[in-house]
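Visitor: Mind looking at a prediction? Sequence and model below.
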2 protein chains.
Amino acid sequence: MVTVPVKTENLDYALEDQVGFMLRVASQRHANIFQSNIVGNLTPTQFSTIIRLAEVGKVSQNHLGRLTAMDVATIKGVVDRLKAKGLILSEPDLVDKRRSVISLSSQGESLVSDLKRAGRQISAETLAPLNAKEQKTLLGLLRKIL
Amino acid sequence: MVTVPVKTENLDYALEDQVGFMLRVASQRHANIFQSNIVGNLTPTQFSTIIRLAEVGKVSQNHLGRLTAMDVATIKGVVDRLKAKGLILSEPDLVDKRRSVISLSSQGESLVSDLKRAGRQISAETLAPLNAKEQKTLLGLLRKIL
DNA sequence: TCAATATCATTTGCATGCAAACGTTCATGC
DNA sequence: GCATGAACGTTTGCATGCAAATGATATTGA
């Protein structure tokens, strides 16, 4: 009988079973589904920004970033592009001179219900491989690791 | 008694409950954990590339991209940066002149077990809010929507 | 054989996504 | 009142991530 030394750290590491890898791949599939269902040529972050603005009305740019889980640099780029598309407005805050107040334009407002409809379809399609119970379970578990 | 028309598409759309939004936020948290645990200043895609190369040895660049769920343009950038760091090698394929054959350098090889150890830690920390059963459930459900 | 097709790698353009540094403005506490 | 620190928005730099176009090379099927 002999004992064989084994480097345990080299065994059992399957990249495709790691949560980070799976999150990346799942995000890719979702992005595909998003792109083929979305209206108005919006990206996922642009979509989230419009939806949030529809909920909260006027809000400062950085606060809008926090409400949509975006860095200050990221939300700035998103806001710039949505402004260029005419979907949102930005005005200086007269009380706090540091702030820009962001809001939906009427053109942005008119997109909201179509966007919500598309959003529902996108979520449904992404979760289509799961039955109703599994869908709830997945969302519940994902919520715990945010 | 009157009936009231309701635009159903405007009700019940909670951004934070959509699978795409949750995937994005979960990926952000994972990226944070990754960054504070990884060795050698690698990014997640660079990490995946090294791990896969350690598994498969020599492989063409595009095939390596498929093995790591990366677009041809994305894997090219990752390969370029890993080459610049001296962790991988690329040589022309003598049989198929279209191909570049990618492999780990000895410096890259020597990183692998530390990377796997870090990878295990990163996955564990990401999943730490869940108990063992929940972790298995989440990974199983994620696998179904890839 | 050889034309149609597919694959490989590259490049460009656009859009996240984050860190870090910066100047401006505001709020707090002494 | 006023210094300290916090928050706001901007900019730069780096790294994904994908679509689309391009040129070179292989494969195939008639």
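Guide: It's in. Numbers count the residues shown, from 1 in each chain, chains lettered A, B, ... in the order given.

Visitor: so what's A:I50 up against?
Guide: For A:I50, the contact set (CB atoms under 8 Å, 6 or more residues apart in numbering or on different chains) comprises A:42, A:82, A:87-88, A:104, A:108, A:111-112, A:115. Glycine gets a C-beta too; all of them are placed from N, C-alpha and C.

Visitor: Then A:T126?
Guide: A:T126 touches A:29-30, A:33, B:19-20, B:145, counting by CB under 8 Å, 6+ apart.

Visitor: do the same with A:G40
Guide: A:G40 touches A:87, A:111, A:114-115, counting by CB under 8 Å, 6+ apart.

Visitor: Is it possible to get JSON lines of those residues that adds neighbour count and distance to B:M70?
Guide: Shown next, in JSON lines, are the contacts of A:G40 (neighbours: other CB atoms under 10 Å in any protein chain shown; distance: CB to CB, whole Å):
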{"residue": "A:L87", "neighbour count": "22", "distance to B:M70": "32"}
{"residue": "A:L111", "neighbour count": "20", "distance to B:M70": "33"}
{"residue": "A:D114", "neighbour count": "13", "distance to B:M70": "33"}
{"residue": "A:L115", "neighbour count": "22", "distance to B:M70": "30"}
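
Visitor: which of those residues sit farthest apart?
Guide: For those, with distances taken as CB to CB, the pair at the greatest spread is A:L87 and A:D114 (12.3 Å).

Visitor: All the strands of chain A, residue numbers only.
Guide: A:59-60, A:88-92, A:100-104 (DSSP state E).

Visitor: Any idea which of those gets closest to DNA strand C?
Guide: strand A:88-92 (9.9 Å; CB to the nearest atom of the strand).

Visitor: what about the closest one, near DNA strand C?
Guide: No: judged by CB under 7 Å from any atom of the strand, strand A:88-92 stays clear of DNA strand C, getting no closer than 9.9 Å.

Visitor: list the helices and strands that strand packs on?
Guide: Strand A:88-92 sits against helix A:44-56, helix A:72-84, strand A:100-104, with contacts defined as 3 or more CB pairs under 8 Å, 6 or more residues apart in numbering or on different chains; DSSP states H and E.

Visitor: May I see the buried residues of it?
Guide: The neighbour-count check on strand A:88-92 (16 or more other CB atoms under 10 Å in any protein chain shown) flags A:88-90 as buried.

Visitor: Need the contact partners of it.
Guide: A:49-50, A:53, A:61, A:79, A:82-83, A:99-105, A:108.

Visitor: if we can go back for a sec, of the strands of chain A, which is nearest B:G140?
Guide: That would be, of the strands of chain A and by CB to CB, strand A:59-60, which comes in at 38.6 Å.

Visitor: could I get the buried residues of strand A:88-92 as a markdown table with distance to B:T137 and pLDDT?
Guide: Below are the buried residues of strand A:88-92 laid out as a markdown table (distance: CB to CB, whole Å; pLDDT from 0 to 100):
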| residue | distance to B:T137 | pLDDT |
| --- | --- | --- |
| A:I88 | 40 | 96 |
| A:L89 | 44 | 95 |
| A:S90 | 44 | 95 |
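
Visitor: could the residues you listed be laid out in TSV, adding distance to B:P129?
Guide: Converted to TSV, the buried residues of strand A:88-92 look like this (distance: CB to CB, whole Å):
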residue	distance to B:P129
A:I88	35
A:L89	39
A:S90	37
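
Visitor: List just the nearest of those to B:D12.
Guide: The nearest one, if we look at those relative to B:D12 and count by CB to CB, is A:I88, at 23.7 Å.

Visitor: longest helix of chain A?
Guide: Criterion DSSP state H: the longest helix present in chain A is helix A:106-126.
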